[in-house]
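[1] Predicted model follows, preceded by the sequence.
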Protein chains: 2
Amino acid sequence: MTHLEKLDQYFTKHRDVHLEELNNFLRIPSISALSEHKADMTKAAEWLVTSFKDIGLEHVSIDQTDGHPVVYGDWLHAEDKPTILVYGHYDVQPVDPLELWDSAPFAPEIRDNKLYARGASDDKGQVFMHIKAVEALMQCFGELPVNVKFLIEGEEEVGSPSLEKYIIENKEKLAADLIVISDTGMQGPGQPAVCYGLRGLCGVQVDVKGAKGDLHSGLYGGGVQNPLHAIVDLLSSFRDQEGTILVEGFYDDVRPLADEERAAYEALHFDEEALKKEIDVPALFGEKGFSYLEQTWARPTLELNGLFGGFSGEGIKTVLPAEAGAKITCRLVPDQDPEDIVKKLKAHIEKHKPTGVTVTVTEFDKGKPFITPFDHPAIQAAGRSYEKVYNVPTAYIRGGGSIPIVAAFDEILDLPVVLMGFGLSTENFHAPNEHFHLENFDQGLRVIGDYYEEIKSISKEQLKK
Amino acid sequence: MTHLEKLDQYFTKHRDVHLEELNNFLRIPSISALSEHKADMTKAAEWLVTSFKDIGLEHVSIDQTDGHPVVYGDWLHAEDKPTILVYGHYDVQPVDPLELWDSAPFAPEIRDNKLYARGASDDKGQVFMHIKAVEALMQCFGELPVNVKFLIEGEEEVGSPSLEKYIIENKEKLAADLIVISDTGMQGPGQPAVCYGLRGLCGVQVDVKGAKGDLHSGLYGGGVQNPLHAIVDLLSSFRDQEGTILVEGFYDDVRPLADEERAAYEALHFDEEALKKEIDVPALFGEKGFSYLEQTWARPTLELNGLFGGFSGEGIKTVLPAEAGAKITCRLVPDQDPEDIVKKLKAHIEKHKPTGVTVTVTEFDKGKPFITPFDHPAIQAAGRSYEKVYNVPTAYIRGGGSIPIVAAFDEILDLPVVLMGFGLSTENFHAPNEHFHLENFDQGLRVIGDYYEEIKSISKEQLKK
């Protein structure tokens, strides 16, 4: 019997017990955003402590932070073998509007092989799979193929305000050879995906001020600059009409897409026509010479997120407004640096500053882009594990969004990060009737168990970024 | 004794009586916007009827409309002489916030030779001056030098919704050789002005629609058109960076400023530096080659009055909004036609329509520009009357704003319109503590009395536009 067959047998045998254990975890309403659930946060953390100890993890602790605690546990007896740091979170989103749930959010229920509960997919279900994978390996083989460290936090749904400090202060304790996170999604049903990159983020607010108050457009119009025209001219200078960003030096540090990556994206046969219909736009739109996936995964953007000034009610008001404002954010790709890009945005604004008004610029929070090279052995190993279980080619993808804590891990610990998620975009995380497809629970347990074994055969040296 | 000296004597003698009569008019709270003042509207109309009859007007009537009534009266015994149609309004603005008034709005009070009351300047005080000018002429000379028709409406402060229909239905009754309106302002203290032109108005709302809902700027950004970028590019195409309007054919019908007009504006020595300080802008801004007065009186504009889309709260929200919108209005000058300009705006939008979104255009109400030629004898006569009383050169001005009812008079009756106002821009019309400088009440009575005499010596033929 192969390694994977043994695991398969174990998971099959213990499925009911495992699901009941997961249900107990899901019954704890650990909503990090609501202070009335503080005791539930402790309860969820303690539930993890018990689980960690039950499966044989050591140095198990609840580590206090300025916010909700972090739960830690490790097993470090695979001498000379790589160490995997598993990151996840035990907190969940609020549940309102409660009346839209078909079953109570903290009373887990299986319907049509889907487990309905708040946190089923995001992220208790996926954290639980790593715990059970460790249990299975220990039970089947008496030991783990690699060293593991679990770091499960309680503030992900509120932006991880305490975690960066915790990582910095516990850099030695968290030292590892790679980070595995199961908190993202698959490419589609039956279509597993390894995500190896995310875009970064930076941005500015631009405020344009004209006269000290709104002016009558009849009495002053024609002789005084209009802040709305000023901002429109300024904003229009940021991109050409085909979407190419005109900020000087903006693309300087963009790492070109490797041929292998382009081939991997093409292999996904992404249906642009279906997307067009789904979001109901007359045409897709983006930088020439790049596919939609390249545009959203591997190219940086500059987007207006908000624009305001003057009268927005019904009908007409002939005002020449005193001020106007815009919010601009950029999604960044490796190797762009948010600090550098903000500097370039500011220089662009300075260069295109309209006359007759004053312009002020305010910076937003920044997040670096993250990438683990596509051909990194930890990424490719994840792809192999998926393929063994799902029997289809793995999608190698990047994400267009930004997960700041991933960038923080990347920056502070400087480790390859592997995002191997088992969720589906249709599973209503952050919404009523969150659920988790149990076929991905079942297959995911096997993928994770196999992945630990795959990593065993890669040397620490090879895992270095 | 000259004609004017006789009038002067009469007004001096009757000043106290006249002011007490005006106070009685001002005590009626004829607020057209508020239905609870319906009885007061009737009371004010009846007050006018009595006044008209007292001074010798004939055919006096309260003419019902769909809204508040119009009061009419005439004196038509100056055979072969021109007929002046005097237009004004007996309704006033609401008075809130009441607590900001230093004396009750409908309890007239003189402080520092200024008469404080709602309507003192706008427009009861100025309507009253025409009534008393007729009275004085009748009393001093036993007859009027010209024919007069009074048309005083009760809905000016709510946009004159019934008047256009009334004018069309009473075209014969209102037939005249010129229209005189005293409902505007002087150029400044001691600086009388004849206003001989106003700008027209037209505009459109532009709505840009992208996806069926807001999109995540990380997941979709770079591959989908952003309605905010689309609208910014579109709007930026309307004007160049110096304020010149780029809509094809926009300036085609603009009547060039006559040398006499330019000279008249220069003679005003308008203080652009003072304006800059007053409204607190770093610099004035407008079409090259034109002075501020030319820009705001004799040149058309295209102004953004409102711009909206996406997130306008504090901080950051990385949304790629589903829609964006803008409100655009144009001030028009002779001989631009609002219908034609809207057609050109639409053609411009069609030509510059961005891709990846849908654009819809909605028209706003239109108003034609109005002008009585600067050298028209009715205009020049008004200037002479002012100069005889004020002993300073009259300012010949245009207004940058639009008074739709003036354009309606101009269009339906096709008569020269003379705007001879006695208000000052500091007199808080439409605000608490509205007041009227009594020196302009006193001098204005004499100007109007003299003007009727001036018109007498102009033939009907000469008065034709």
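    Ah, there it is. Note that the coordinates shown come from a computational prediction; the quantities given were computed from them, not determined experimentally.
[2] separation between the closest residue in space to A:T244 that isn't next to it in sequence and B:E109?
    The shortest distance from A:T244 to any non-neighbouring residue, by CB to CB, 6 or more residues apart in numbering or on different chains, is to A:E287 (5.7 Å). Quick note: C-beta positions are derived from backbone N, CA and C, even for glycine. Counting by CB to CB, to the nearest Å, the separation of A:E287 from B:E109 is 70 Å.
[3] likewise A:E387?
    Separation of A:E387 from B:E109 (CB to CB): 92 Å.
[4] Helices of the stretch 351-465 of chain A, residue ranges please.
    Assignment of helices within the stretch 351-465 of chain A using DSSP state H, counting those that start in this stretch yields the ranges A:377-390, A:404-413, A:438-456, A:460-463.
[5] Same question for chain A.
    Here chain A has its helices, by DSSP state H, at A:3-13, A:15-26, A:38-55, A:124-141, A:163-169, A:227-236, A:259-266, A:272-279, A:292-297, A:338-351, A:377-390, A:404-413, A:438-456, A:460-463.
[6] Out of the ones you listed, flag the one nearest B:A322.
    B:A322 lies closest, by CB to CB, to one member of the helices of chain A: helix A:272-279, at 9.1 Å.
[7] what residue lies at the spatial centre of chain A?
    Taking CA atoms, centre = their mean, the centroid of chain A lies closest to A:I403, which sits 3.9 Å from it.
[8] Now whichever residue of the stretch 1-150 of chain A sits closest to chain B: closest residue in space, sequence neighbours ignored.
    The minimum distance from the stretch 1-150 of chain A to chain B, using CB to the nearest CB, falls at A:D122 (15.6 Å). Distances taken as CB to CB, 6+ apart put A:F429 closest to A:D122, at 3.7 Å, once the chain neighbours are dropped.
[9] next one: A:E164
    Once flanking residues are discounted, A:E164 sits nearest to A:A408: 4.8 Å by CB to CB, 6+ apart.
[10] Repeat that for A:D442.
    A:F11 (6.8 Å).
[11] Run a quick neighbour tally on that neighbour.
    Counted with other CB atoms under 10 Å in any protein chain shown, residues neighbouring A:F11 total 22.
[12] who are the neighbours in contact with it?
    Contacts for A:F11 (CB atoms under 8 Å, 6 or more residues apart in numbering or on different chains) come out as A:H18, A:K132, A:A136, A:D442, A:L445, A:R446, A:G449.
[13] Pull up the gap between it and A:A136, please.
    A:F11 sits 6 Å away from A:A136 when distances are taken as CB to CB.
[14] before we move on, what about A:S121?
    With the distance defined as CB to CB, A:S121 ends up 21 Å from A:A136.
[15] nearest spatial neighbour of the closest residue to chain B within the stretch 51-200 of chain A, skipping sequence neighbours?
    Here the stretch 51-200 of chain A gets closest to chain B at one residue, A:R199, 6.2 Å apart by CB to the nearest CB. Leaving aside its sequence neighbours, A:R199 sits nearest to A:R331 (CB to CB, 6+ apart; 4.1 Å).
[16] Just put the helices of the stretch 351-465 of chain A in CSV and tack on distance to A:T360.
    CSV is the format used below for those (distance: least, CB to CB, whole Å):
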stretch, distance to A:T360
helix A:377-390, 43
helix A:404-413, 26
helix A:438-456, 49
helix A:460-463, 47
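[17] Share the number of residues neighbouring whichever residue of the stretch 301-450 of chain A sits closest to chain B, please.
    Closest approach of the stretch 301-450 of chain A to chain B (CB to the nearest CB) occurs at A:G401, with a separation of 2.9 Å. The local packing of A:G401 (other CB under 10 Å) involves 18 other residues.
[18] list the contacts for it?
    Contacts for A:G401 (CB under 8 Å, 6+ apart) come out as A:L198, A:R199, A:R331, B:H216, B:G218, B:L219.
[19] would TSV of those with neighbour count be doable?
    Output for the contacts of A:G401, formatted as TSV (neighbours: other CB atoms under 10 Å in any protein chain shown):
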residue	neighbour count
A:L198	30
A:R199	33
A:R331	29
B:H216	12
B:G218	22
B:L219	19
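[20] My read is that the residue nearest to A:D122 contacts A:S121, right?
    Yes. Contact criterion CB atoms under 8 Å: A:F429 and A:S121 qualify, at 5.3 Å.
[21] got any residues that touch both of the two?
    Listed as contacting both A:F429 and A:S121 by CB under 8 Å, 6+ apart are A:G423.
[22] Now for the nearest residue to A:R27 once chain neighbours are set aside: which residues touch it?
    Leaving aside its sequence neighbours, A:R27 sits nearest to A:F106 (CB to CB, 6+ apart; 5.5 Å). By CB under 8 Å, 6+ apart, the contact set of A:F106 is A:L26, A:R27, A:I28, A:P29, A:V95, A:A117, A:R118.
[23] Now flag whichever of those residues is closest to B:E153.
    Set against B:E153, the nearest of the contacts of A:F106 by CB to CB is A:V95 (60.9 Å).
[24] ok, and for the helix or strand of chain A with the lowest mean pLDDT, which residues are buried?
    When the helices and strands of chain A are compared on mean pLDDT, DSSP states H and E, helix A:404-413 comes out lowest with a mean of 86. For helix A:404-413, the neighbour count (16 or more other CB atoms under 10 Å in any protein chain shown) marks A:P404, A:I405, A:V406, A:A407, A:A408, A:F409, A:D410, A:L413 as buried.
[25] before we move on, what about stretch A:418-432?
    Residues A:V418, A:L419, A:M420, A:G421, A:F422, A:G423, A:L424, A:E427, A:N428, A:F429, A:P432 are the ones in stretch A:418-432 that count as buried (16+ other CB under 10 Å).
[26] just stretch A:287-301 next, same as before
    A:287, A:290-301.
[27] so can I have CSV of these showing pLDDT?
    CSV is the format used below for the buried residues of stretch A:287-301 (pLDDT from 0 to 100):
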residue, pLDDT
A:E287, 94
A:F290, 95
A:S291, 96
A:Y292, 96
A:L293, 96
A:E294, 96
A:Q295, 97
A:T296, 96
A:W297, 96
A:A298, 96
A:R299, 97
A:P300, 98
A:T301, 97
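[28] So what's the residue count around the nearest residue to A:P354 once chain neighbours are set aside?
    Residue nearest to A:P354 in three dimensions, not counting chain neighbours: A:A230, with 3.8 Å by CB to CB, 6+ apart. By other CB under 10 Å, the residues close to A:A230 number 25.
[29] Next: A:E339.
    Neighbours around A:E339, by other CB under 10 Å: 12.
[30] Next: A:G286.
    Going by other CB under 10 Å, the residues that sit close to A:G286 add up to 23.
[31] now A:D233
    A:D233 has 17 nearby residues by other CB under 10 Å.
[32] The one 5 residues further on now?
    Other residues within reach of A:F238, judged by other CB under 10 Å, total 22.
[33] Contact partners for it?
    Residues near A:F238 by CB under 8 Å, 6+ apart: A:I245, A:L246, A:V247, A:L302, A:I328, A:H348.
[34] same deal with A:S459?
    Per CB under 8 Å, 6+ apart, neighbours of A:S459: A:P82.
[35] what about it, distance to A:V146?
    As for A:S459, its distance to A:V146 is 12 Å (criterion: CB to CB).
[36] Find residues that contact each of these two.
    Common neighbours of A:S459 and A:V146 (CB under 8 Å, 6+ apart) are A:P82.
[37] For the nearest residue to A:Q443 once chain neighbours are set aside, give me the pLDDT.
    In space, and not counting its chain neighbours, A:Q443 is closest to A:V389: 5.0 Å by CB to CB, 6+ apart. In this model, A:V389 is scored at 97, pLDDT.
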